[in-house]
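Asks: next comes the sequence, and after it the predicted model I'd like to discuss.
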Amino acid sequence: MSDPDSETATARRPSPSPIPALRGAITFLTRIPIPGGTRADWDAFRRSPWTLPVVGAIVGTLAGIGFSLPVPWPTAVTAYLAVVYLVSGVTHADGLADLGDAIAAHDPETRREVLKDSETGVGGALALGLTLIALALGATGVATTLAAGSLAVRMVIAAEVGAKLGMALLVCFGEPAHEGLGSQLVGVVGRLSFVPAVVVASAVLVAPPFGAVVPLVAALLGGPAVAVALLVGTRSWLGGVSGDVLGAANELGRAVALHAGVIAWAIL
């Protein structure tokens, strides 16, 4: 549980300026070159979980461009995968690999030691491989199932925003597993800080072109659903949320979100 006194102290601190917070978020979450990148930007970002879905919208917009072009669906899917990792980098994927190796271990203490190992084992390779296949198949579903190019782009954006909203959920509701990157983000703000993140993420549902709200909602909720599962699971697996768990939430949430959106579209 979070310390109530700490949450009260955090709530009394003035809200960070949005521009430094966004600069810090873009610098941390992407490879997009942004002037600045100071310690003040990093501190502002840590106290502003609402910036996570904003960056998700930026990444999703860039990654979804291929779905709006008159190209065959294999080309659109390939372009999507390439842009996702060119823009986002592989840091989050590395977190997924580390978590996969840790889960393959048999007890919490061993899992924490495995997280510190830089080499990727069978568990990590399997987690990465299955997630990448799932992501490619989800993108294929977007390219071949959704009728309008604009809707396909919106689905990709909703999936990326949802993945980042899942990270925000872990940041606001989790407890740090150990000293490290995760402890600099997780538990810094109180649970109420998740509300602005939800409000920002919900803008995906009202952005034009309008329509297909239910599939977009399904995609948007995919990331938080994964985050809740990780939040519960990591309490016993690792003793809390680490930086690797945040990265894994992003990668798994994106893949699950695409499938959730396509399934909702197909059912409707």
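Replies: Done, it's in.

Asks: for the record, mean pLDDT for the helix or strand Ala102 falls within?
Replies: According to DSSP states H and E, Ala102 maps onto helix 91-104. The average pLDDT for helix 91-104 rounds to 85.

Asks: in terms of secondary structure, what does that helix contact?
Replies: With contacts taken as 3 or more CB pairs under 8 Å, 6 or more residues apart in numbering; DSSP states H and E, helix 91-104 sits against helix 108-115, helix 122-145, helix 243-267. (C-beta placed from N, C-alpha, C; glycine too.)

Asks: worst mean pLDDT among these?
Replies: Looking at the helices and strands packed on helix 91-104, the lowest mean pLDDT belongs to helix 108-115 (a mean of 60).

Asks: where in the stretch 151-268 of the chain is pLDDT low?
Replies: In the predicted model of the stretch 151-268 of the chain, residues 208-211 satisfy pLDDT under 70.

Asks: show me the strands in it, by range?
Replies: Using DSSP state E, counting those that start in this stretch, the strands of the stretch 151-268 of the chain do not appear at all; there are none.

Asks: now do the contacts for the residue nearest to His259 when sequence neighbours are not counted.
Replies: Leaving aside its chain neighbours, His259 sits nearest to Gly138 (4.7 Å; criterion: CB to CB, 6 or more residues apart in numbering). Going by CB atoms under 8 Å, 6 or more residues apart in numbering, Gly138 touches 159, 255, 257-259, 262.

Asks: widest-spaced pair of these?
Replies: Spatially, the most separated pair among the contacts of Gly138 is Ala255 and Val262, at 11.3 Å (CB to CB).

Asks: stretch 258-267: how far from the chain's middle?
Replies: Put simply, stretch 258-267 sits 19 Å off its chain's centre (CA atoms, centre = their mean, to the nearest Å).

Asks: for the remainder of this discussion, apply numbering that starts at 16.
Replies: Yes, from this point I'll number from 16; that puts the last item at stretch 273-282.

Asks: so what's Ala151 up against?
Replies: 92, 96.

Asks: go with 10 Å
Replies: 92-93, 95-96, 270, 273 (CB atoms under 10 Å, 6 or more residues apart in numbering).

Asks: buried subset of these?
Replies: Buried subset of the contacts of Ala151 (neighbour count, 16 or more other CB atoms under 10 Å): 92, 95-96, 270, 273.

Asks: ok, back up a step: can you lay out the helices and strands packed on helix 106-119 as a markdown table showing distance to Val102?
Replies: Shown next, in a markdown table, are the helices and strands packed on helix 106-119 (distance: least, CB to CB, whole Å):
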| stretch | distance to Val102 |
| --- | --- |
| helix 123-130 | 26 |
| helix 137-160 | 14 |
| helix 258-282 | 12 |
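
Asks: tell me which of those is the most buried.
Replies: Highest mean neighbour count among the helices and strands packed on helix 106-119 (mean count of other CB atoms under 10 Å): helix 258-282, with a mean of 25.

Asks: quick check: angle from the host helix or strand of Arg38 to helix 106-119?
Replies: Using DSSP H and E, Arg38 sits in helix 33-44. Counting by axes from the mean of the first three to the mean of the last three CA atoms, to 10 degrees, helix 33-44 lies at 60 degrees to helix 106-119.

Asks: just the buried residues of whatever helix or strand comes next after helix 33-44, please?
Replies: Going down the chain from helix 33-44, the next helix or strand is helix 54-61, by DSSP H and E. For helix 54-61, the neighbour count (16+ other CB under 10 Å) marks 56-61 as buried.

Asks: got the CA positions of stretch 182-195 in PDB?
Replies: Output of stretch 182-195 as PDB, limited to C-alpha atoms (Å, rounded to 0.1, in the frame of the first residue of the first chain):
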ATOM      1  CA  MET A 182       2.000   1.700 -17.900                       C
ATOM      2  CA  ALA A 183       0.400   4.700 -16.200                       C
ATOM      3  CA  LEU A 184      -1.800   2.300 -14.200                       C
ATOM      4  CA  LEU A 185       1.300   0.400 -13.000                       C
ATOM      5  CA  VAL A 186       3.000   3.700 -12.100                       C
ATOM      6  CA  CYS A 187       0.100   5.000 -10.100                       C
ATOM      7  CA  PHE A 188      -1.100   1.800  -8.400                       C
ATOM      8  CA  GLY A 189       2.100  -0.300  -8.100                       C
ATOM      9  CA  GLU A 190       4.800  -0.600  -5.500                       C
ATOM     10  CA  PRO A 191       8.500  -0.700  -6.600                       C
ATOM     11  CA  ALA A 192      10.000  -4.200  -6.600                       C
ATOM     12  CA  HIS A 193      13.500  -2.900  -5.800                       C
ATOM     13  CA  GLU A 194      15.900   0.000  -6.300                       C
ATOM     14  CA  GLY A 195      16.300   0.900  -9.900                       C
END
